[in-house]
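Q: Could you work out the structure for the sequence below:
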Amino acid sequence: MAFNYSDLNGAIVAKFGTQYNFAQALGISEHSLSKKLNNKVPWKQAEIATSVKLLGIKHSDIAKYFFTLKVQ
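A: You can find the predicted model right below:
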């Protein structure tokens with residue numbers, strides 16, 4: 001199952017400028033973040049919770065950013 005992280009990536013760039021900056025704030029490497037955004041490695045619940053805080057995502061919008069399925 002693959003997820004569409006395009007909205008999440010847009011929020012990352014809008015708030016942090018680069019994936020590198022966001023990864024540093026999240027406490028992971030840029031490589032790890034890239035794997036998550038490319039559906040190679042799943043997001044951990046704690047990483048989602050921290051990302052929501054860092055990006056200012058409303059709780060009602062979490063599904064939009066983290067659980068929207070990618071259309072094949």
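Q: Next up, phi/psi of residue 69, please.
A: phi -70, psi 140 (degrees, to the nearest 10).
Q: what are the ranges of the helices in this structure?
A: 6-16, 19-26, 30-37, 45-55, 62-66 (DSSP state H).
Q: looking at these, which is closest to residue 72?
A: helix 6-16 (14.8 Å; CB to CB). Where you see a C-beta, it was placed from the backbone N, CA and C, and this is true even at glycine.
Q: burial count for the residue lying closest to residue 47 once chain neighbours are set aside?
A: Excluding its sequence neighbours, the residue lying closest to residue 47 (CB to CB, 6 or more residues apart in numbering) is residue 26, at 6.5 Å. Using other CB atoms under 10 Å, residue 26 is surrounded by 20 other residues.
Q: Could you tell me which ranges of the chain sit under the pLDDT cut-off?
A: The chain contains no residues with pLDDT under 70.
Q: can I assume residue 43 is in contact with residue 66?
A: Yes - at 6.4 Å, residue 43 and residue 66 qualify as touching, with contact defined as CB atoms under 8 Å.
Q: Now do the shared contacts for those two.
A: Residues touching both residue 43 and residue 66 by CB atoms under 8 Å, 6 or more residues apart in numbering: residue 51.
Q: What residues are bridge-paired with residue 3?
A: Note on residue 3: beta-bridge partners by DSSP bridges are residue 69.
Q: Contacts only, for it.
A: By CB under 8 Å, 6+ apart, the residues touching residue 3 are 39, 66-70.
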